[in-house]
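S.K.: everything below, folded, please.
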Amino acid sequence: MISQRILPYFFSTVLLIALFTAHMHFFYPHLFFLDDPYILLHSAQVLHQGYDPNYATTPAIVGNSSPVNLLLIYLLLFFLSPLYALICSNWLATIAYTWGLIYLSRLYRCNGWQTILILFCGLLSGACIAQLLNGLETSLAMATITWVLILSSLPLSYGYRYALMILLGISPFIRHELLGFSCVIYLFQLYRYQNNQCLKAKIIIQDIALIGFAALPWLFWLWHATQHFYPETITAKATFFAQNYPSIFYQFKFFCEILLQFFISISLLYLISLYLLSKQKLGQAILLFLFIFSIAYFYTGASMLQQNNFRYLYVWLPLLLFGLISNMQAPQKCLSYTAQLITLLIALITLCALPLQYLYYQYTIRQIGLLQEQYIAWCNTHLPRNKIIAIQDAGFIAYATPLLLTDFVGLKSPDNISFHQQYTKPSHGLLRNQAISLILQTKKAHYLIMTNEWVDEFKTPKALQALGWQVDLLKTFAVDMPKNTRFSYLIYQLDNRLISVR
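M.R.: Here you go, the predicted model:
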């Protein structure tokens, strides 16, 4: 017989495995609607092959913001086919996230129905289905945050403390934003030491040693491969997406609009959780992290928060849920009733939106999969294998073709970042196309592939023509998307008529 203690974990795991089986049956091989997961998959394959057929001498870790997730995919590839390895990593992380929500709810004395409501909100709010299964480290980051909150809530015993320190050391290499989270949580840990009269130099030295021990392998790997202690994806994206705001007030307004859109997408009722977080010390530490997170993105690139259905903001969800969980059985009846009512209302809203969320996910996945098949089949047949192709989306084309590529954003071609540091960033994006032109010229690119969204936003083909390039549209692959929009890949042939690099 299964004990009452492990029954929720058992049933949730069985349910998730059943959903995983159904997911693979109905969607395989079209499993991801983003290009980025194929960067991760390509990089893991490069680790196995020992060389990169697409990006020449680029180290495998380059282009990946999560070394931990890359290593996980690398290990899974010993046992599973590439697509299975990638989606299995997401489902394993989702199980860990689910177990964390159950444990956290029980730790704060939530009853069975309250735990079920928390699980429902945590797994299905907004575009959570798409984010947990996006092929990237999002689900792993959400699971990590949840277990850090658990370990921060448990007694200060040696086992729990050691586990927390190791997790704090690893967290920044799961998602770089979690560096701030680790720092804030450790400040909270120091407060707990002081409150329990065990703030001693010996304990702090032990903690720092454990955090360093957990972080050192990842730092060594990054430095050995890239001569940086952090993933260069941070620099590449922040530099390429530099924007020109009329004023600091406009920038602040734009940033607030993005945050508001995110909360609307998951439910505005989660805003009340911010108030509930302020009612206890760990919640206050979380609010400090959310403030640091917001300031960092405000100055480095607010527009990135909007990309891919607010992918970067979904690490907030377990933190917002903690505000509800930690007050569900609060001594103050007002806080307890508020947390219970808000959780119930969010669950009802989520239930009503669930059919639309699923249909949106299903339609997007299948349309993008159809587009990728047609686009890659044409590239394999019509593009020469000895010519350089400049690309915007660096993942699927590297995973599915042997073509020679240069990533003009700089994710998989980090030497291109310097052009954007010289032109794009100082001009706040006004000279972005000048930087792209120099990249194409330096790399001797003969073809350019962009999506219609970037062509419309950056006007790159027209700008290249103005800079002396002959730009001919060879082929367009397009599919209909939700909300009466179209998504397409545009393939251009380039003829460099410039005499020298300017």
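S.K.: tell me the secondary structure at the closest residue to N134 other than its chain neighbours.
M.R.: The spatial neighbour of N134 that comes closest, neighbours along the chain excluded (C-beta to C-beta, 6 or more residues apart in numbering), is L34 at 5.7 Å. C-betas here are computed from N, CA, C, even on glycine. Put simply, L34 is coil when judged by DSSP: H, G, I helix; E, B strand; the rest coil.
S.K.: need the phi and psi values for L34.
M.R.: phi -110, psi 160 (degrees, to the nearest 10).
S.K.: how's the chain carved up into domains?
M.R.: The record's domain parsing of the chain by automatic domain parsing lists 7-361, 365-496.
S.K.: from one end of the longest one to the other, what's the distance?
M.R.: One end of domain 7-361 to the other measures 31 Å (C-alpha to C-alpha, to the nearest Å).
S.K.: after the strand or helix carrying L348, next one along is what?
M.R.: Here L348, judged by DSSP states H and E, is contained in helix 333-382. Going down the chain from helix 333-382, the next helix or strand is strand 388-391, by DSSP H and E.
S.K.: pretty sure N134 is touching I87, no?
M.R.: No - the pair N134 / I87 is not scored as a contact, 10.2 Å apart, by C-beta atoms under 8 Å.
S.K.: quick one: the strands in the stretch 51-200 of the chain?
M.R.: With DSSP state E, counting those that start in this stretch, there are no strands along the stretch 51-200 of the chain.
S.K.: counting neighbours, what do you get for N386?
M.R.: 7 (other C-beta atoms under 10 Å).
S.K.: and it, what does it touch?
M.R.: Applying C-beta atoms under 8 Å, 6 or more residues apart in numbering, we find N386 in contact with L404.
S.K.: any idea how far it lies from L448?
M.R.: 17 Å (C-beta to C-beta, to the nearest Å).
S.K.: what packs against the helix holding L348?
M.R.: For helix 333-382, the contact count by 3 or more C-beta pairs under 8 Å, 6 or more residues apart in numbering; DSSP states H and E identifies helix 7-27, helix 112-124, helix 128-132, helix 271-277, helix 316-325, helix 396-400, strand 469-481, strand 485-496 as packing neighbours.
S.K.: for the third one, packing partners?
M.R.: Packed against helix 128-132 by the contact rule (3+ C-beta pairs under 8 Å, 6+ apart) you find helix 82-107, helix 112-124, helix 138-153, helix 333-382.
S.K.: thought Y193 was touching L156?
M.R.: Yes - here Y193 reaches L156: they are 7.4 Å apart, a contact under C-beta under 8 Å.
S.K.: more crowded one of these two?
M.R.: Neighbours were counted for Y193 and for L156 using other C-beta under 10 Å; Y193 has more, 17 against 14.
S.K.: what's the pLDDT at F249?
M.R.: Per-residue pLDDT puts F249 at 88.
S.K.: do the same with R486
M.R.: Confidence score, pLDDT, at R486: 89.
S.K.: start at 106, not 1
M.R.: Shifting the count to begin at 106 puts that one at R591.
S.K.: what sits against the residue lying closest to it once chain neighbours are set aside?
M.R.: Distance criterion C-beta to C-beta, 6+ apart; nearest residue to R591, sequence neighbours excluded, is A583 at 5.2 Å. Neighbouring residues of A583 by C-beta under 8 Å, 6+ apart: 476, 557, 591-594.
S.K.: ok, and the most crowded of those residues?
M.R.: Using other C-beta under 10 Å as the neighbour test, those are led by Y594, with 25 neighbours.
S.K.: hmm, L283 and I250 touching each other?
M.R.: Yes - look at I250 against L283 with C-beta under 8 Å: they come within range, at 7.3 Å.
S.K.: what is in contact with the two at once?
M.R.: Between them, I250 and L283 share these contacting residues under C-beta under 8 Å, 6+ apart: V420.
S.K.: these two - which one has more neighbours?
M.R.: Between I250 and L283, I250 has the larger neighbour count (other C-beta under 10 Å), namely 28 against 24.
S.K.: next, count neighbours for the closest residue to that one other than its chain neighbours.
M.R.: Excluding the flanking residues, the one nearest I250 by C-beta to C-beta, 6+ apart is P423, at 4.8 Å. Using other C-beta under 10 Å, P423 has 24 neighbouring residues.
S.K.: my guess is P423 contacts Y202. True?
M.R.: Yes - the pair P423 / Y202 is scored as a contact, 7.4 Å apart, by C-beta under 8 Å.
S.K.: spell out which residues are contacts of both of these two.
M.R.: Joint contacts of P423 and Y202 (C-beta under 8 Å, 6+ apart) are 227, 247, 251.
S.K.: which one (most neighbours) among those residues?
M.R.: Neighbour counts for the shared contacts of P423 and Y202 peak at M247, which has 29 neighbours (criterion: other C-beta under 10 Å).
S.K.: measure that one to G205 for me?
M.R.: In terms of C-beta to C-beta, M247 sits 8 Å off from G205.
S.K.: need the overlap of contacts for those two.
M.R.: Joint contacts of M247 and G205 (C-beta under 8 Å, 6+ apart) are P423.
S.K.: just checking, E282 touches R416?
M.R.: No - taking contacts as C-beta under 8 Å, E282 lies outside contact range of R416: 11.5 Å.
S.K.: buried stuff in stretch 573-582?
M.R.: 574, 576, 580, 582 (16 or more other C-beta atoms under 10 Å).
S.K.: how about stretch 428-446?
M.R.: Those would be 428-433, 435, 440, 443-445, for stretch 428-446 by 16+ other C-beta under 10 Å.
S.K.: need the worst-confidence member of these.
M.R.: Among the buried residues of stretch 428-446, A435 carries the lowest pLDDT, at 89.
S.K.: quick one: that residue is in a helix?
M.R.: No - counting by three-state DSSP, A435 falls outside a helix, being coil.
S.K.: pretty sure it contacts K384?
M.R.: Yes - in terms of C-beta under 8 Å, A435 counts as a neighbour of K384; the distance is 7.3 Å.
S.K.: name the nearest residue to V420, sequence neighbours excluded.
M.R.: With C-beta to C-beta, 6+ apart as the criterion, V420 has its nearest non-adjacent residue at 5.1 Å, and that residue is A246.
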